[in-house]
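Enquirer: below are the sequence and a predicted model; questions follow.
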Amino acid sequence: MDATSAGHAGTDPDPLTGTVTASDTEGCCGTAGPGQRTSSDYQAEYTPAMADKWDQVISWERRDAGEAEFFTSLLRDEGVQTVLDAASGTGFHACRLSCSGFTVVASDGAPEMARRTRQNIVSRGLDIPVYVADWRRLSGIVPGQYDALLCLGNAFCHLFSAEDRAQALREFHAVLAPGGLLILDHRNYDAILSAGFTQPRSGYCCASEDVNIYPSEVHDDLVRFRYDFPDGSSHEVTQAPLLKDDVAAMLRRAGFDRMRTYGDLASAYDPMQVDFIIHVAHRV
Ligand SMILES: C[S@@+](CC[C@H](N)C(=O)[O-])C[C@H]1O[C@@H](n2cnc3c(N)ncnc32)[C@H](O)[C@@H]1O
């Protein structure tokens, strides 16, 4: 599949990355959410500086060790061959799964993150098409249908309105083959909102030792995470704190079934003692 040849009305190939860029992603379907936050604001948070630092936030080595074979085993057990990582970030899962033999396509809505994905792919000698694609327009930008779609790293919580979440899930549904697998995670906001944030207990998606991540604001409808880097710089990322059962209900409404969850990477877990919830669902 050739990312540069994928046509879409209103899209242009990015001259630097060779990817297809949605020309009017910003504000395309953004709806004012809590505190006037919109679902397009993530674009301003993943700046060149943040993209450069993301691999410092969660080092690939630590992540690899923490996740071990969790995703590769899960995908293999389900007979998956083709994977779309729709929140590629800097490309960790795309590269990891490509190295494990899956046919992978990567996309991200933030051009700087897609650019970093591309750099990481090239520096590893891999060949993975990369698209700049907001989830709410995914099927119009990323061609094909996939056996599995990943939306990991607490990415989905960047959507601040129910309409945008429903639209994104419709698009995930559209790019999945019938029976295809959606894997979507989020921080355990049930625990954060009721008991407060605790520093990660598991090896899943945990921060590097030299980067301090903590919520600088916690409200029922908005959580702002601050990342303090050893060079004295800091970045903030703002999220809608989605609850586990609400996400499961959204998935059901969007046409997914045979759902299950993992707490961090375990199928049996104490819902108040895990850092991340991972939802696994099949497209009906
Ligand atoms: C916290 S990062 C996680 C990246 C990667 N999955 C990981 O685990 O390292 C969240 C990513 O989601 C992307 N993102 C947020 N909202 C998006 C949207 N509406 N459409 C596409 N990408 C989005 C951001 O650009 C960012 O790269």
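Expert: Received it, and whenever you're ready, just let me know what you need.

Enquirer: for this protein, which residues are neighbours of the ligand?
Expert: Contact residues (C-beta under 6 Å from any ligand atom) of the chain with the ligand: 39, 42, 46, 87, 89, 92, 108-110, 113, 134-135, 152-155, 158. (C-beta placed from N, C-alpha, C; glycine too.)

Enquirer: next step: the residues you listed restricted to helices.
Expert: Tyr42, Phe92, Met113 (DSSP state H).

Enquirer: for the closest residue to the ligand within the stretch 151-284 of the chain, list the residues it contacts.
Expert: Residue nearest to the ligand within the stretch 151-284 of the chain: Gly153 (2.1 Å; C-beta to the nearest ligand atom). By C-beta atoms under 8 Å, 6 or more residues apart in numbering, Gly153 lies in contact with Ile58, Ala87, Gly89, Asp185, Cys205.

Enquirer: could you find the closest non-adjacent residue to Ile141?
Expert: Once flanking residues are discounted, Ile141 sits nearest to Ala133: 4.0 Å by C-beta to C-beta, 6 or more residues apart in numbering.

Enquirer: same check on Gly109?
Expert: Asp134 (4.1 Å).

Enquirer: so that neighbour touches Ser107, yeah?
Expert: No. Between Asp134 and Ser107 there is no contact under C-beta atoms under 8 Å: 9.1 Å.

Enquirer: helices along the stretch 101-250 of the chain, start to end?
Expert: 111-123, 138-141, 162-175, 189-195, 244-253 (DSSP state H, counting those that start in this stretch).

Enquirer: dump those to JSON lines, plus mean pLDDT.
Expert: JSON lines is the format used below for the helices of the stretch 101-250 of the chain (pLDDT from 0 to 100):
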{"stretch": "helix 111-123", "mean pLDDT": "97"}
{"stretch": "helix 138-141", "mean pLDDT": "98"}
{"stretch": "helix 162-175", "mean pLDDT": "98"}
{"stretch": "helix 189-195", "mean pLDDT": "95"}
{"stretch": "helix 244-253", "mean pLDDT": "98"}
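
Enquirer: okay if I get the ones you listed as JSON lines plus distance to Glu78 and mean neighbour count?
Expert: Shown next, in JSON lines, are those (distance: least, C-beta to C-beta, whole Å; neighbours: other C-beta atoms under 10 Å):
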{"stretch": "helix 111-123", "distance to Glu78": "24", "mean neighbour count": "21"}
{"stretch": "helix 138-141", "distance to Glu78": "21", "mean neighbour count": "21"}
{"stretch": "helix 162-175", "distance to Glu78": "16", "mean neighbour count": "20"}
{"stretch": "helix 189-195", "distance to Glu78": "27", "mean neighbour count": "16"}
{"stretch": "helix 244-253", "distance to Glu78": "16", "mean neighbour count": "16"}
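
Enquirer: can you redo these as JSON lines with distance to His235?
Expert: Output for those, formatted as JSON lines (distance: least, C-beta to C-beta, whole Å):
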{"stretch": "helix 111-123", "distance to His235": "12"}
{"stretch": "helix 138-141", "distance to His235": "26"}
{"stretch": "helix 162-175", "distance to His235": "23"}
{"stretch": "helix 189-195", "distance to His235": "19"}
{"stretch": "helix 244-253", "distance to His235": "25"}
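
Enquirer: those helices: which one's closest to Val211?
Expert: helix 111-123 (16.3 Å; C-beta to C-beta).

Enquirer: packing partners for that closest one?
Expert: Identification of packing neighbours for helix 111-123 by 3 or more C-beta pairs under 8 Å, 6 or more residues apart in numbering; DSSP states H and E yields helix 48-57, helix 92-99, strand 103-108, strand 130-132.

Enquirer: and the end-to-end length of stretch 221-235?
Expert: Start to finish, the residues bounding stretch 221-235 are 20 Å apart (C-alpha to C-alpha, to the nearest Å).

Enquirer: do the same with stretch 251-267
Expert: Stretch 251-267: ends 19 Å apart by C-alpha to C-alpha.

Enquirer: now do stretch 199-209
Expert: 11 Å.

Enquirer: which residues touch it?
Expert: So stretch 199-209 is in contact with 56-59, 62-63, 65-67, 152-154, 185, 213-214, 227, 264-265, 273-276, going by C-beta under 8 Å, 6+ apart.

Enquirer: can you mark which positions in it are buried?
Expert: Within stretch 199-209, the residues that qualify as buried are Pro200, Ser202, Gly203, Tyr204, Cys205, Cys206, Ala207, Ser208, counting by 16 or more other C-beta atoms under 10 Å.
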